[in-house]
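Okay, sequence plus prediction incoming.
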Amino acid sequence: MSETVRAASETPEKEPLVKDIPPKAPDLSAWYTAVCLKAELVSYAPVRGCVVLRPYGFALWENLQRHLDERFKATGHENAYFPLLIPEHLLTKEAEHVEGFAPEVAWVTEGGQEKLEERLAIRPTSEVIIGVMYAKWIQSHRDLPVLINQWANVLRWEKATRPFLRTMEFLWQEGHTAHASAKEAREETERMLAVYRDFAENVAAVPVYAGAKSASERFPGAVETYSIEALMPDGKALQSATSHDLGQNFSKAYDITFVDTDQQIKHVYTTSWGMSWRMLGGMIMVHGDDRGLRIPPKMAPIEAVFVPIVRANDSSAVEKSHELASALRSQGYRVRVDDRDQTPGWKYAEWEMRGVPLRIEIGPRDLESGTATVVRRDKEKGQEGAKVSVAFDALGSRLRALLDDVQRSLFEQAKTFLDSHTFAVTNREEFLEKCRSRAGMIDIAWCGRPECEAEIKAATSATTRNMRPLQHAGAKCVACGELAKVNAYFAQSY
RNA sequence: CGGGGCGUAGCUCAGCUUGGUAGAGCGCUUCGUUUGGGACGAAGAAGUCGCUGGUUCAAGUCCAGUCGCCCCGACCA
């Protein structure tokens, strides 16, 4: 045993570094729930399966909204808002859709003192109510395409719930578009899938696999469903957004027609696509560590927090912090000064737990030298570059580069994990074993048959996450030996 | 919906086996001293023991029911 190790083992146990949060690796669930509550993202509400999104959590949601909305506008979409309640007779028109959602729809049956003649569904999703409106609005090919998004809440009667990942009521956005041709609708579906991938990887810093879902995993009523799938640290996959090509299934059920240039009355082709606050849950699990959250800078409610270190009867560190913070704010930075009456160590731990990307320490030594001590959340203590000195007048220019670097480094850490937990497998036994043990994303040549998928699920609990073109022509399905048609990622899922 | 666990102060929990005046640590409030990795001292406030019913002279403790939460599975666009 080396000197240093012995010396360390003989020192009395220090207070655990992190209070109230268990380590991440042994029990991801316990870590996840604790961090969501302690970081004040959410609070449990006195309603089963629902959470309160607290200001810090809502600020995360606002950043998601801001970045996604920007991308929606850039691709020609407009926002609108549709009613929460859907009359029963309308909901039941698209058979597959109703069957898919029936088990989790909540119903309003009374209003005030009156029993309603017809039940009203609380929207589990809005294809129906929006489809009904599109039928009224669309007359001609000149009215197409219709490109609308809504930011809304939806309700699904879930049995087991967890903050962000699955709650009965949740926030999301749902885009609903109508097009003159199947080709345009398919292009829209793929375009929005690309938007989601761009958001996940470049804003939330969560690497994903994007592709088509298998038939059994398809949205009820869709002709094709695409998804982005992220890999969580426990080896389970998280479906983080979906984009559906609905073909003419909804336009036929809800009679959405237009007169085309050839004077024929035709049904439109529709799409729908959504991302929910579940994405935040994925981001939290992917990046967090034993000290708590690590929020990618682009999503961070606070990009940098000032911790003034004061000496008795000397408030100059606090004043300097406010002065610097104010200058940074005018340059568009999201910064905060923590001038509460706590020790610096307490504040370090607190803001690390809450995932703030950069901490700026302003103490006597800094005031002396005219520099700030900037500490990065993405690096371990003592790690090269974890702590840098920046001259006060250089903060404005240096911070952007540092934040960009934290953003990049968090993505790279996550990408390294995804890559090292993605296994291209050609042997059936190895495939089943890796699925069972939640090794990660298991990539195989696959036949695409529902029976084959069902057998794999029964044996391992893993399902197809999404698919991409067959990588080796003529390959046999790794699971069943039939001729393979695609490559598919298999994993257990949230 | 199946299996397991848990509801006592804001939080984490002890007390329940063997019924007898509600406890600890942390947090909180006030004052003072502090502040470069979760400070220290003094004083103080805070709980219808998840809810309902039963047994009993007496229930946090025993019994029944019920609601809620957590974990594992099933289900889950």
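Perfect, thanks for sending it.

Tell me, how many residues neighbour the residue in the stretch 201-350 of chain A that RNA strand B sits nearest to?
When scored by Cβ to the nearest atom of the strand, the stretch 201-350 of chain A has A:Gly345 as its residue closest to RNA strand B, at 2.4 Å. Yep, even glycine has a C-beta here, placed from its N, CA and C like the rest. Using other Cβ atoms under 10 Å, A:Gly345 has 9 other residues around it.

now it: how far from A:Arg334?
24 Å (Cβ to Cβ, to the nearest Å).

swap in A:Gln471?
A:Gln471 sits at a distance of 43 Å from A:Arg334 (criterion: Cβ to Cβ).

Quick check: A:Glu224 touching A:Asp245?
Yes: contact criterion Cβ atoms under 8 Å: A:Glu224 and A:Asp245 qualify, at 4.3 Å.

more crowded one of A:Gln471 and A:Arg334?
Per other Cβ under 10 Å, whichever of A:Gln471 and A:Arg334 has more neighbours is A:Arg334, with 17 against 13.

Setting aside sequence neighbours, what's the nearest residue to that one?
Closest residue to A:Arg334 apart from its sequence neighbours, by Cβ to Cβ, 6 or more residues apart in numbering: A:Glu303 at 4.6 Å.

where does the one you found land on pLDDT?
For A:Glu303, the pLDDT comes out at 98.

same deal with A:Ile309?
Among the per-residue scores, A:Ile309 holds a pLDDT of 96.

just A:Leu17 next, same as before
Per-residue pLDDT puts A:Leu17 at 48.

same deal with A:Asn313?
79.

Report all helices and strands that the lengthiest helix in chain A contacts.
If you go by DSSP state H, chain A has its longest helix at helix A:395-420. Packed against helix A:395-420, as judged by 3 or more Cβ pairs under 8 Å, 6 or more residues apart in numbering; DSSP states H and E, are the following elements: strand A:224-231, helix A:278-287, helix A:316-330, strand A:358-362, strand A:371-376, strand A:387-391.

helices or strands up against the first one?
Under the contact definition 3+ Cβ pairs under 8 Å, 6+ apart, strand A:224-231 sits against helix A:182-202, strand A:209-212, strand A:237-247, helix A:278-287, helix A:395-420, strand A:463-469, strand A:486-491.

Likewise for the fourth one?
Strand A:358-362 is packed against strand A:304-308, helix A:316-330, helix A:344-353, strand A:371-376, helix A:395-420, with contacts defined by 3+ Cβ pairs under 8 Å, 6+ apart.

change it to 10 Å
strand A:304-308, helix A:316-330, strand A:335-337, helix A:344-353, strand A:371-376, strand A:387-391, helix A:395-420 (3 or more Cβ pairs under 10 Å, 6 or more residues apart in numbering; DSSP states H and E).

In PDB, list the C-alpha atoms belonging to the second one.
Once side chains and other backbone atoms are set aside, the C-alpha atoms of helix A:316-330 remain, and they are given as PDB (Å, rounded to 0.1, in the frame of the first residue of the first chain):
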ATOM      1  CA  SER A 316     -16.300  45.500  -0.900                       C
ATOM      2  CA  ALA A 317     -16.400  42.000  -2.200                       C
ATOM      3  CA  VAL A 318     -20.200  42.100  -2.300                       C
ATOM      4  CA  GLU A 319     -20.200  45.500  -3.900                       C
ATOM      5  CA  LYS A 320     -17.600  44.500  -6.600                       C
ATOM      6  CA  SER A 321     -19.700  41.300  -7.300                       C
ATOM      7  CA  HIS A 322     -22.800  43.400  -7.900                       C
ATOM      8  CA  GLU A 323     -20.900  45.800 -10.100                       C
ATOM      9  CA  LEU A 324     -19.500  43.000 -12.200                       C
ATOM     10  CA  ALA A 325     -22.800  41.100 -12.400                       C
ATOM     11  CA  SER A 326     -24.600  44.200 -13.500                       C
ATOM     12  CA  ALA A 327     -22.100  44.700 -16.300                       C
ATOM     13  CA  LEU A 328     -22.400  41.100 -17.400                       C
ATOM     14  CA  ARG A 329     -26.200  41.300 -17.400                       C
ATOM     15  CA  SER A 330     -26.000  44.200 -19.800                       C
END
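
so for that helix, what's the average pLDDT?
Here the average pLDDT along helix A:316-330 is 97.

now that helix, how far from the chain's geometric center?
In this view, helix A:316-330 has its centroid 33 Å away from the chain centroid, taken as Cα atoms, centre = their mean, to the nearest Å.

hmm, that helix touching RNA strand B?
No: counting by Cβ under 7 Å from any atom of the strand, RNA strand B is not contacted by helix A:316-330; separation bottoms out at 7.8 Å.

What are the buried residues along that helix?
A:Ala317, A:Val318, A:Lys320, A:Ser321, A:His322, A:Leu324, A:Ala325, A:Leu328 (16 or more other Cβ atoms under 10 Å).

my guess is the last one meets A:Gly396, correct?
Yes: if you go by Cβ atoms under 10 Å, A:Leu328 and A:Gly396 touch, sitting 6.2 Å apart.

Please settle this for me: is A:His67 part of a helix?
Yes: checked against DSSP: H, G, I helix; E, B strand; the rest coil, A:His67 lies within a helix.

dump the residue contacts of the closest residue in space to it that isn't next to it in sequence.
By the measure of Cβ to Cβ, 6+ apart, the closest residue to A:His67 outside its immediate chain neighbours is A:Val203, 4.6 Å from it. Taking Cβ atoms under 10 Å, 6 or more residues apart in numbering, we find A:Val203 in contact with A:63-64, A:66-68, A:70-71, A:279, A:283, A:296-299, A:407, A:411.
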